[in-house]
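J.: fold the following for me, if possible:
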Amino acid sequence: MKAAVMYQPGDIRVEDVPKPAVKAGHALVRVAACGVCGSDIPRMLSKGAHVMPLICGHEFAGFIEEIGSGVEGYAIGELVTVPPMIPDVSSDQYARGFPSRSERYDYFGSRRDGAYAEYVNVPLSNLIKVPQGMDPIAASLVDPAAIALHAIWKADFKAGQSGAVVGCGPIGLFAIQWLKIMGAKDIVAIDIAEEKLAMARQAGATHTLLSGAADAELPRCQLVIEAAGHPSSINQAVQLTKAGGHVVFIGIPTSDVALSTATFSHFLRQEISLHGAWNSFSAPFPGDEWTASIDKLASGELQWQFMITHDLPLDELPAMFKRYADRSEVAAKVIFRP
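T.: Residues are numbered from 1 along each chain as shown. So this is what the prediction gives:
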């Protein structure tokens, strides 16, 4: 089968590799669509993965090609979406209903071969059926939509309150839509690219601002989702939060983060709550975040077409990642179709 194999960061080759044989307790899934996650970019260009060589890619959906022994309730040809984490079911955190907090787990595309390939072996626990007729690209976007919802659920957000999103990549764009669905009064969006802010307005943002611009005129918000992971955006997210509000961090920093004295004073004196949100899962695995995201993506209430800037064959993956490295173009959601 064809796959994009990362040998070292920056050394990515599309080549023929053996097609996996279906395992007991698994189904062999023919990948229909796999999206680039923001975490793929440093993993594949600079940081590397837990094991290499490796086939990356973890936001995917596909059609069941073969069914292994012990798998019931699924049929050849059914479209499934796949939660990328394979949790440690023996951990105390899993038993408490927090699968994402387990210290030991497996993960498509970073700890085991993922979906920048034609086929993937998927265990029964990670085969999630989607409604008949759902677009495979929409099905591949369940994970980022669920990550956004998981973050919002960390705070007690209510209709009529104001929310903000700092970092308008796909997860941020889904967060804006969730805030709109939940009845937010004002929705603030901040990003470094005007192209992303245009998408944020399409998603439902009522106020937009380029990063670094003065934000004194923006409404202060009860909930701020920080989805960029840059030190400046992290400070801005805290200072954008109103007294007694919440900041939820989902952006992954690639360098040390320092809070300015002004930021720290604001969070301290205004009694702001800071939360971390990791992955998209709850109990029973993969969680209500996944159920809700599948429902809203299938119904069209969560829009996704406007954020797809690249829909590419797998052969173009190395060149696309070179453009990521060069920062030669703005990309929102990039989809590969093996």
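J.: find the residue at the geometric middle of this protein.
T.: residue 144 (3.0 Å; C-alpha atoms, centre = their mean).
J.: ok but it is inside a helix, no?
T.: Yes: Residue 144: assigned to a helix according to DSSP: H, G, I helix; E, B strand; the rest coil.
J.: quick one, what contacts it?
T.: When the contact criterion is C-beta atoms under 8 Å, 6 or more residues apart in numbering, the partners of residue 144 are 35, 37, 59, 170-171, 174. In this view, the C-beta of every residue, glycine as well, is placed from N, C-alpha and C.
J.: hmm, 7 Å instead?
T.: For residue 144, the set of contacting residues under the criterion of C-beta atoms under 7 Å, 6 or more residues apart in numbering consists of 59, 170-171, 174.
J.: try residue 29
T.: 62-65, 80, 82, 119-120, 122.
J.: how about residue 205?
T.: 176, 187-189.
J.: list just the nearest of the contacts of residue 144 to residue 301.
T.: Among the contacts of residue 144, residue 174 lies closest to residue 301 (C-beta to C-beta), at 11.5 Å.
J.: quick check, that closest one in a helix?
T.: Yes: with three-state DSSP as the criterion, residue 174 is assigned to a helix.
J.: where in the stretch 151-300 of the chain is pLDDT low?
T.: Residues of the stretch 151-300 of the chain that meet the criterion pLDDT under 70 are absent altogether.
J.: try it again with 90
T.: Across the stretch 151-300 of the chain, the stretches falling below the confidence threshold (pLDDT under 90) are 156, 211-217, 254-255.
J.: and the helices in it?
T.: According to DSSP state H, counting those that start in this stretch, the stretch 151-300 of the chain carries its helices in the segments 170-181, 194-203, 231-239, 261-269, 288-299.
J.: most tightly surrounded among those?
T.: Of all the helices of the stretch 151-300 of the chain, helix 170-181 has the most neighbours on average by mean count of other C-beta atoms under 10 Å, namely a mean of 27.
J.: what's that one packed up against?
T.: helix 142-152, strand 163-166, strand 187-191, helix 194-203 (3 or more C-beta pairs under 7 Å, 6 or more residues apart in numbering; DSSP states H and E).
J.: ok and it relative to helix 288-299, angle-wise?
T.: Helix 170-181 runs at 80 degrees relative to helix 288-299, counting by axes from the mean of the first three to the mean of the last three C-alpha atoms, to 10 degrees.
J.: give me the contacts around helix 170-181.
T.: Helix 170-181 is touched from outside by 144-145, 147-149, 151-152, 163, 165, 187, 189, 199-200, 203-205, 225, 227, 250, 301-303, 307, 332-333, with contacts defined as C-beta under 7 Å, 6+ apart.
J.: distance between stretch 241-261 and the chain's centre?
T.: Distance, stretch centre to chain centre, for stretch 241-261: 18 Å (C-alpha atoms, centre = their mean, to the nearest Å).
J.: span of that stretch from start to end?
T.: Distance across stretch 241-261, first residue to last, is 16 Å (C-alpha to C-alpha, to the nearest Å).
J.: and it, what's buried?
T.: By neighbour count with 16 or more other C-beta atoms under 10 Å, stretch 241-261 contains the buried residues 241-242, 245-251, 259.
J.: just the CA coordinates for stretch 74-87, please, in CSV.
T.: Taking only C-alpha atoms (Å, rounded to 0.1, in the frame of the first residue of the first chain), the coordinates of stretch 74-87 have been written out as CSV:
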residue,chain,number,x,y,z
TYR,A,74,-19.9,-4.0,11.9
ALA,A,75,-20.2,-4.6,8.1
ILE,A,76,-17.8,-4.4,5.2
GLY,A,77,-18.1,-1.0,3.6
GLU,A,78,-19.4,0.9,6.6
LEU,A,79,-17.9,4.4,7.2
VAL,A,80,-16.3,4.8,10.6
THR,A,81,-14.5,7.6,12.4
VAL,A,82,-11.6,6.7,14.7
PRO,A,83,-10.6,8.2,18.1
PRO,A,84,-6.8,8.3,17.8
MET,A,85,-6.1,7.4,21.5
ILE,A,86,-6.0,3.8,22.6
PRO,A,87,-6.3,4.3,26.3
